[in-house]
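Novice: Provided below are the primary sequence and the corresponding predicted coordinates.
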Amino acid sequence: MGAILRDGDAKGLSGDERRALNREQARRNQAYDVWFRAKVQQAHDDSRPDVPDDQAEALFAERRAAAGRK
C-alpha cells in the first residue's frame, strides 16, 4: 500500500484515485490468494507417489539442458 501511495503522490493523483488504486490492488491480492490456496490444495490432494530428490534433480537438469539448446 505504501508504494501505491508514494507512486500516487509522485503522479499527482487525488485521494480518490489513490484509494481506487488501493482497492484494485487489494482485489488482485485476494484473487492471487484464492489461486495460490487452490494450487496448494491441489498439490496436497495429489495421490501420485513422491519422486525421490535425485530423480527430480536429474529431470530438471535435463530440462535446463534442453532449454539451453533451443
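Specialist: The structure has been received and is ready for your questions.

Novice: could you point out which element follows the longest helix belonging to the chain?
Specialist: The single longest helix within the chain, with elements called by DSSP state H, is helix 15-45. Following helix 15-45 in sequence order, the next helix or strand is helix 53-69 (DSSP states H and E).

Novice: please work out the average pLDDT along the longest helix of the chain.
Specialist: Mean pLDDT, helix 15-45: 94.

Novice: tell me how far that helix is from the chain's mean position?
Specialist: 10 Å (C-alpha atoms, centre = their mean, to the nearest Å).

Novice: what is it packed up against?
Specialist: Taking 3 or more C-beta pairs under 8 Å, 6 or more residues apart in numbering; DSSP states H and E as contact, the helices and strands that helix 15-45 lies on are helix 2-11. C-beta coordinates here come from the backbone N, C-alpha and C atoms, glycine included.

Novice: go through the helix it packs on and flag the buried ones.
Specialist: Using 16 or more other C-beta atoms under 10 Å as the test for burial, helix 2-11 gives 4, 8.

Novice: centre of the chain to it, how far?
Specialist: 22 Å.

Novice: taking helix 15-45 as reference, get the angle to that helix.
Specialist: For helix 2-11 against helix 15-45, the angle by axes from the mean of the first three to the mean of the last three C-alpha atoms, to 10 degrees is 150 degrees.

Novice: outside of helix 2-11 itself, list whatever touches it.
Specialist: 17-18, 21-22, 25 (C-beta atoms under 8 Å, 6 or more residues apart in numbering).

Novice: let's go with 10 Å and repeat that
Specialist: For helix 2-11, the external contacting residues (C-beta atoms under 10 Å, 6 or more residues apart in numbering) are 13-15, 17-22, 24-26.
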